[in-house]
Structure formats: C-alpha cells, structure tokens
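A.B. asks: Okay, predicted coordinates and the sequence, questions at the end:
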Amino acid sequence: MLELWIPITIAAAFFQNVRSALQKHLKGQMGTSGATMTRFIYAVPFAALYAFLLHNQSGFQWPTPSLIFAAYMMTGGLTQIAATALLVYLFAFRNFAVGTTFSKTETVQAAIFGAVVLSDPLSWGAILAILISLVGVVALSVAREGSMTLRTVLTSWTGKPALIGLASGACFGISAVSYRAASLSLGGEGFLMQAAFTLACVTVFQTLVMTLYLLIKDPDELVRVFKSWRISVWVGLSGMAASAGWFTAMTIQNAAYVRALGQIELIFTFAVSVVLFKEKPNGKEITGIFLVCGGILILLIYA
C-alpha cells in the first residue's frame, strides 16, 4: 500500500512549482525581498482558515503549544528566511552557480540534523538513494550552466560561494528538521492538525519578521507587496498548499526522506521545459533526471 506521506509530498512539490512560477511574474514589480514576503503574508489567511476548518469541521482539537514548540517553530522560521537570504546573496558573486549547487546538499544535511536532533533512523538504502539524487541534482546544475563543469564544482568547495551555498543548505536542512520537531512536540494523534497549527504559527511569525525587516530596510517595497495583491493572493494560496503538504509529510515521515522525494519538483520542471516549451535537453540533463528518478525509486523501496 502506498504510504500517505508519498502522495502528500508529490502534491507539495507540484504546488511549490506553481508558486515559483507565479513569483517569477512578481519580479518585474518588486525586488527579491518583496517577492519572498508575498509567500508569507498572503499565505496567512489561508493557513489560518485551513487550521480553523480542521478544528471546526473535522473535530480536531487545538494543540497546546509549549516553549519547546515555540523554540523549534521560530528556529525553523528564521533558518528558512536565512537560507533564502543566503541564496539571494550568492547572486552577487560571479560564480554564484557553484554556490547554488552546494545549497542542494540540503537533503543530506537534513538527514544528519534529523539523526542528531530527533534520532530519526536512516536505512542504508535510503542513504544511497539520497546520495544518488544529490549527484543527479549536481548534474542538472552543471548542465544548466555552460561555463561550469563537475570539476569546477569539486575544486571550488572551499571558495566563498561554495561555503555560502553549504550554509544555505544547512539552514534549509535545520529548518525542515525544526518544523518536524515542532509538529511532533505538540503530541496527540491528529497529524493533520499538528502540521496545520505549526504551519499557521510559522507563517504568522515569518510575516512579522519580514514586515519588520522591510519597514526598516525598504518601506516602499512593503507598499509594492500590498499593491500586487491580484497575483500575490495566488502565490499565497499555492504557497500555503505546498507548505501544508511539506509540513504534513514531515510530521509523518523523516524530513530527509520528504525533502529527497520532493526533488521530484525538478522532474516536473524538466517535463514542462521539454513538453510545453519544446526545449531540447542535453546529455547532462538527461543523466541528471535519470539519477534523480533512480534515487527517488530507491528511496520509495527502502524508506
């Protein structure tokens, strides 16, 4: 029988793809900080409504949060913002592609943090699957940057962009594990409510943090965020749907497994570029997709 976390993760990856596509439309109207802000502030009402409906219509009891929950929730929220900020910072470097490639080590780092913080077990098959998928992701990164080769990646791991990329991946990994830890700390058997309540709290917290940042750094950007509501409301809805999927799947299953399966998003993106935009893939891209698919298949067998 197909385990529940698998279709939930695939759905989350699909909605994340939708959200990313919508955010690209906002880049001409505002900066990166503003486009990032839309995924939080416009998701708040949808996240709150989702949690309310689970309580009011499905009979789930409201969880009782603790200081441990608050600590993990805020850690996850802040490290996710930091990870995104580090990725943006990478674009200031000439060889930023190397750094973004190293940020893809998120899944491996999530596995390490999950084992240390939550004692989440990892089978040898799952470890192999994660590593194979990582090689596939690196191959795709190399294929998309004509000036970058696998040798460039391997010999640049001590450079500043690579270290920033690793830090970004670490923050994403810590964020994923923190969200899982926050949800699990709520206790109870209603994993849907655990995930929904955590999501609502995180979304409100991140909105407050980003609002404060923009008020200090660029108040005009905050105005542009509100003026873009016609597109941004769909960013918020699709972003909330994706996050609800990620949070629910990570409440059920090891965060590293969820993030590894979530790389199916790359397959969605690849399929769209080939089928809809008639782009011809090169050998490295095909190899990368096969490796990602192979890693996912192995993961599904051994997870």
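C.D. replies: That came through fine. Numbering: from 1, shown residues only.

A.B. asks: From here on, just use CA atoms for contacts and neighbour counts.
C.D. replies: Fine.

A.B. asks: low-confidence ranges in the stretch 201-303 of the chain?
C.D. replies: Scanning the stretch 201-303 of the chain for pLDDT under 70 picks out 277, 303.

A.B. asks: Please repeat the previous calculation with a cut-off of 80.
C.D. replies: Where the stretch 201-303 of the chain drops to pLDDT under 80, the residues are 269-270, 272-279, 281-285, 303.

A.B. asks: which stretches of the stretch 1-150 of the chain form helices?
C.D. replies: For the stretch 1-150 of the chain, the helices defined by DSSP state H, counting those that start in this stretch cover 5-26, 32-41, 44-56, 67-90, 96-103, 106-117, 124-144, 150-155.

A.B. asks: Would you mark the buried spots in the second one?
C.D. replies: Put plainly, it is helix 32-41. For helix 32-41, burial by neighbour count (16 or more other CA atoms under 10 Å) applies to T32, S33, G34, A35, T36, M37, T38, R39, F40, I41.

A.B. asks: Lowest-confidence entry in those residues?
C.D. replies: Minimum pLDDT for the buried residues of helix 32-41 is recorded at T32 (73).

A.B. asks: Excluding chain neighbours, what is closest to that one?
C.D. replies: Excluding its sequence neighbours, the residue lying closest to T32 (CA to CA, 6 or more residues apart in numbering) is V88, at 7.7 Å.

A.B. asks: now swap in A70 and tell me
C.D. replies: Spatial nearest neighbour of A70, chain neighbours left out: A182 (7.4 Å); criterion: CA to CA, 6+ apart.

A.B. asks: Phi and psi next, for that neighbour.
C.D. replies: phi -60, psi -50 (degrees, to the nearest 10).

A.B. asks: tally of neighbours for it?
C.D. replies: 30 (other CA atoms under 10 Å).

A.B. asks: same check, this time on N17
C.D. replies: Using other CA under 10 Å, N17 has 19 other residues around it.

A.B. asks: Contact partners for N254?
C.D. replies: N254 makes contact with G114, D120, P121 under the criterion CA atoms under 8 Å, 6 or more residues apart in numbering.

A.B. asks: Scan those residues and report the most crowded one.
C.D. replies: Top of those by neighbour number is G114, holding 24 neighbours under the definition other CA under 10 Å.

A.B. asks: Surely it is in contact with D120?
C.D. replies: Yes: contact status for G114 versus D120: in contact at 5.5 Å, counting by CA atoms under 8 Å.

A.B. asks: Name the helix or strand for the spatially closest residue to I267 that is not a sequence neighbour, please.
C.D. replies: Spatial nearest neighbour of I267, chain neighbours left out: I289 (6.6 Å); criterion: CA to CA, 6+ apart. Assessed by DSSP states H and E, I289 sits inside helix 283-302.

A.B. asks: Please save the CA atoms from that helix in PDB.
C.D. replies: In PDB, the C-alpha atoms belonging to helix 283-302 read as follows (Å, rounded to 0.1, in the frame of the first residue of the first chain):
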ATOM      1  CA  GLY A 283      23.100  14.700 -22.200                       C
ATOM      2  CA  LYS A 284      23.900  16.000 -18.800                       C
ATOM      3  CA  GLU A 285      20.300  17.000 -18.200                       C
ATOM      4  CA  ILE A 286      19.100  13.500 -19.200                       C
ATOM      5  CA  THR A 287      21.700  11.900 -17.000                       C
ATOM      6  CA  GLY A 288      20.700  14.100 -14.100                       C
ATOM      7  CA  ILE A 289      17.000  13.400 -14.500                       C
ATOM      8  CA  PHE A 290      17.700   9.600 -14.600                       C
ATOM      9  CA  LEU A 291      19.800   9.800 -11.500                       C
ATOM     10  CA  VAL A 292      17.100  11.800  -9.600                       C
ATOM     11  CA  CYS A 293      14.400   9.400 -10.700                       C
ATOM     12  CA  GLY A 294      16.600   6.400  -9.700                       C
ATOM     13  CA  GLY A 295      17.300   7.900  -6.300                       C
ATOM     14  CA  ILE A 296      13.600   8.500  -5.800                       C
ATOM     15  CA  LEU A 297      12.700   4.900  -6.800                       C
ATOM     16  CA  ILE A 298      15.300   3.500  -4.400                       C
ATOM     17  CA  LEU A 299      14.000   5.800  -1.700                       C
ATOM     18  CA  LEU A 300      10.500   4.600  -2.200                       C
ATOM     19  CA  ILE A 301      11.700   1.000  -1.900                       C
ATOM     20  CA  TYR A 302      13.800   1.400   1.300                       C
END
